[in-house]
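Colleague: Mind looking at a prediction? Sequence and model below.
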Amino acid sequence: MDTFLQALMLVLDVKVLGVMLASALFGLFVGSIPGLTATMAAALLIPFTFFMEPVPAIAAIVTTVAMAIFAGDIPGALLRIPGTPASAAYCDEAYAMTRKGQAETALGISLVCSAIGGILGAAVLTLTAPVLAEFAIKFSSFEYFWLACLGLSCAVVVSSGSTLKGFVSLLIGLFIATIGIDVTAGHPRFTFGSVEMMGGISFIPAMIGMFAISEVMRYVAAPGSQQAAPQQPIRNVFKGIGSILSRYKLNVARGGVIGAVVGILPGAGADIAAWIAFAMSKRFSREPEKFGTGHVEGLVDSGTANNAGVAGAWIPALVFGIPGDSITAIVIGVLYMKGMNPGPTVFMNQPELINAVFIVFFLANVALIPLGFMAIRLSRRILHVPRKVLIPIILMFCVVGAFAINNTVFGISVMLVMGVLAYIMESNGFPVAPTILGIVLGTMLESNFMSSMIKADGEFSGFFSRPIAATLGVLVIVIWLIPLVKLLVGLVRKPQASQS
C-alpha cells in the first residue's frame, strides 16, 4: 500500500499532469492526421523524454499513444482514411455509418469503447504483470532464448501479408542486430573499419527512420491532395451510446479480452487486435448481413480491442524486456535510458515506478473521454492541416531525436539509411515490424544462445533440460511448423481439387 501511495504521489505531481495533458493534445493531433501513426507519435516524443524524469517520460508516451489510437478513428469515420493502422479494420464500417447520417454515433461509440478497452487492458496489465514477474525470476538463459524465439516467431506469424515476406523482414532485422562487436568473442562484425559502427546500430535512430522518415519519403513521392471533411453536424456524440453498450455488452467484454490477449503476443499490437476482434464480431453476430452497410456492432468490438491491445503489449515489455509491438519497442529504449531496465527485477527494485505506470494507464484512458470529445468537435480543423506544413516539422523532430542519442551525426545517418530501407521494403509489400523486432531482440537472442551453449557444453539438449525451457521450446517449434503444415496441406489439396 505504501508503494501504491508513493506511485500516486509521483503521478499526481503538477508537472506530470501537465506533461500528460500536453501529450494528450499531441497524440490527438497526430492520430487525427491520416498516415501519421501512433508509433510515429511515440518516436517523435523521444527527444523530449531525454530531459524528463522516468515517470513523466513514460506518462508522455502512454498518454500520447492512448489518444492517438482513438484519434485515428476520426478521419476513418469522416473521410474513410484511417488515421492509424489500428483504425483500418473498421474504417469502412464507420464511414458507411457517416454516409447514413450517423457520424455522431460512429464517433461516440469509438470514443467510449476506446476508453473502456483501455481501462480493461490497464486492469489486465496491473493484475498479470506482477504475477508474471515473480514467475520470470526463475528464468535462466535457456528460457530467455526460447522467449526471444517466441517473440520473433509470433512477429512473423501474425504480421499482415505474406509469411515469407515477414520472415525475410525478420532476417533483415537480425542481420542489422549483428553489426558491431561480437557479444561473445569481442570481434568486430560488418563494421567496415568504422569506429562508430563498432557500437552497433543504435535502436532509437533506426526506429525513427523506419517509421517517420519512410512516411516523409512516401509523402514526397506521392503528395496527393487532402479530401474535404463532410459538412455533417457533430454535436452530441454520446446520444444513444448507453443503449448501444447495453445491447452489445458481451461484445465489449469480448473485444477487451481479445485486445489484451493479442496485445501480449510479441509483434501483434493494437492493429492486429482490431482486425481479429472485427472478424470475431462478424463471425458470431446475429446480424452478419448488416456488416458493411454501417453496422455499429463491429465498431464496438474493434474499438474496445485496439486500446486494450495497447496496454496488453506492455506486459511482455515490462516483464521480459520483449516488445509487444513497435510502440513498446520504443518504450524499452526509453526505459533503458531512464535506468528502468525492463525485466522481473524492476518490479522488486523500483515498484513505485511500475505502479506509477499502471496509474498513468488508468488516468490516460479516463481523460480520453473529455479530450476525445473535444477532438471530435474540432475534427474539421484538425483534418485540414496541410501536409506540406506538417512534414517539414516532423523531419526536424526526426533529425533532433536521432542526433540527441549520442550527440553525433552518425545517428542521423543511421536514421536516413533505415528510412530508405523501410520505404523500399513497404513499397514491395515487406512489413517493417518484424525488422524492428529483429533489431531489438537480436542481441538478446544471440547472447542467451551463446551463454546457454557454454553452460550445456555445446549440447543442444540442454535447451530442453529445464521444465519451463522445454515447454517454451516445444511451443516455439510448433509455431515454426504451422507454415510448413499449411504448405503441405495446400499441396495435397491441389491434386485432389484438379481430379474432382
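Modeller: Cool, got the structure.
Colleague: how about the helices in the stretch 1-150 of the chain?
Modeller: For the stretch 1-150 of the chain, the helices defined by DSSP state H, counting those that start in this stretch occupy 2-11, 14-32, 38-44, 46-49, 54-71, 73-79, 91-99, 103-136, 141-158.
Colleague: Compile those into JSON lines and extend it with columns for mean pLDDT.
Modeller: Output for those, formatted as JSON lines (pLDDT from 0 to 100):
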{"stretch": "helix 2-11", "mean pLDDT": "85"}
{"stretch": "helix 14-32", "mean pLDDT": "90"}
{"stretch": "helix 38-44", "mean pLDDT": "81"}
{"stretch": "helix 46-49", "mean pLDDT": "82"}
{"stretch": "helix 54-71", "mean pLDDT": "89"}
{"stretch": "helix 73-79", "mean pLDDT": "78"}
{"stretch": "helix 91-99", "mean pLDDT": "82"}
{"stretch": "helix 103-136", "mean pLDDT": "87"}
{"stretch": "helix 141-158", "mean pLDDT": "75"}
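Colleague: Dump these into JSON lines; add mean neighbour count and distance to residue 192 as well.
Modeller: For every residue, glycine as well, the C-beta is placed using N, CA and C. Converted to JSON lines, these look like this (neighbours: other C-beta atoms under 10 Å; distance: least, C-beta to C-beta, whole Å):
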{"stretch": "helix 2-11", "mean neighbour count": "15", "distance to residue 192": "46"}
{"stretch": "helix 14-32", "mean neighbour count": "20", "distance to residue 192": "37"}
{"stretch": "helix 38-44", "mean neighbour count": "28", "distance to residue 192": "27"}
{"stretch": "helix 46-49", "mean neighbour count": "22", "distance to residue 192": "27"}
{"stretch": "helix 54-71", "mean neighbour count": "28", "distance to residue 192": "35"}
{"stretch": "helix 73-79", "mean neighbour count": "29", "distance to residue 192": "44"}
{"stretch": "helix 91-99", "mean neighbour count": "21", "distance to residue 192": "45"}
{"stretch": "helix 103-136", "mean neighbour count": "23", "distance to residue 192": "38"}
{"stretch": "helix 141-158", "mean neighbour count": "24", "distance to residue 192": "26"}
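Colleague: Relative to residue 394, which of these is closest?
Modeller: Closest to residue 394 of these, according to C-beta to C-beta: helix 38-44, at 6.8 Å.
Colleague: That closest one: how far from the chain's middle?
Modeller: 10 Å (C-alpha atoms, centre = their mean, to the nearest Å).
Colleague: what do you get for stretch 272-288?
Modeller: How far stretch 272-288 lies from its chain's middle: 21 Å, per C-alpha atoms, centre = their mean.
Colleague: which residues of the protein fall in strands?
Modeller: Ranges of strands in the chain, per DSSP state E, are 180-181, 188-189.
Colleague: Contacts for the last one next, please.
Modeller: Residues external to strand 188-189 that are found in contact with it (C-beta atoms under 8 Å, 6 or more residues apart in numbering): 178-182, 198.
Colleague: May I have the strands that pair with that strand, each with its orientation?
Modeller: Strand pairing for strand 188-189, using DSSP bridges, gives strand 180-181 (antiparallel).
Colleague: how far away is residue 373 from residue 457?
Modeller: For residue 373, the distance to residue 457 (C-beta to C-beta, to the nearest Å) stands at 63 Å.
Colleague: So the two - more neighbours on which side?
Modeller: residue 373 (17 against 7; other C-beta atoms under 10 Å).
Colleague: thinking again about what came up before, can you tell me which of the contacts of strand 188-189 is nearest residue 416?
Modeller: Nearest member of the contacts of strand 188-189 to residue 416, counting by C-beta to C-beta, is residue 179, at 16.1 Å.
Colleague: I'd say that closest one and residue 200 touch.
Modeller: Yes - with contact defined as C-beta atoms under 8 Å, residue 179 reaches residue 200; the gap is 5.8 Å.
Colleague: Single out the most deeply packed of the strands of the chain.
Modeller: Neighbour counts (mean count of other C-beta atoms under 10 Å) averaged over each of the strands of the chain peak at strand 180-181, with a mean of 17.
Colleague: Mean confidence (pLDDT) on that one, please.
Modeller: Taken as a whole, strand 180-181 carries a mean pLDDT of 86.
Colleague: quick one, which of the helices of the stretch 1-150 of the chain is nearest to residue 213?
Modeller: helix 38-44 (10.0 Å).
Colleague: Pull the residues that contact that closest one.
Modeller: Applying C-beta under 8 Å, 6+ apart, the contact partners of helix 38-44 are 26-27, 30-31, 61, 64-65, 68-69, 72, 84, 86, 207-208, 211-212, 215, 270, 325-327, 330-331, 394, 397-398, 401.
Colleague: Apply 7 Å and report the result again.
Modeller: For helix 38-44, the surrounding residues in contact (C-beta atoms under 7 Å, 6 or more residues apart in numbering) are 26-27, 30-31, 61, 64-65, 68-69, 84, 207-208, 211-212, 215, 326-327, 330, 394, 397.
Colleague: what's the answer for stretch 131-139, then?
Modeller: In contact with stretch 131-139 (C-beta under 7 Å, 6+ apart) are residues 315, 319-320, 344, 347, 468.
Colleague: got it, and stretch 68-87?
Modeller: Outside stretch 68-87, the residues touching it (C-beta under 7 Å, 6+ apart) are 27-28, 30-34, 37-38, 41, 88, 91-92, 94-95, 98, 103, 106-107, 110-111, 114, 227, 229-230, 270-271, 274, 306-307, 310, 368, 372, 375-376, 379, 383.
Colleague: Format the strands of the chain as CSV; extra columns: distance to residue 477.
Modeller: Output for these, formatted as CSV (distance: least, C-beta to C-beta, whole Å):
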stretch, distance to residue 477
strand 180-181, 30
strand 188-189, 28
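Colleague: can you tell which of those strands is closest to residue 438?
Modeller: Comparing these by C-beta to C-beta, strand 180-181 comes nearest, at 14.4 Å.
Colleague: Since that was my last question, I'll sign off now.
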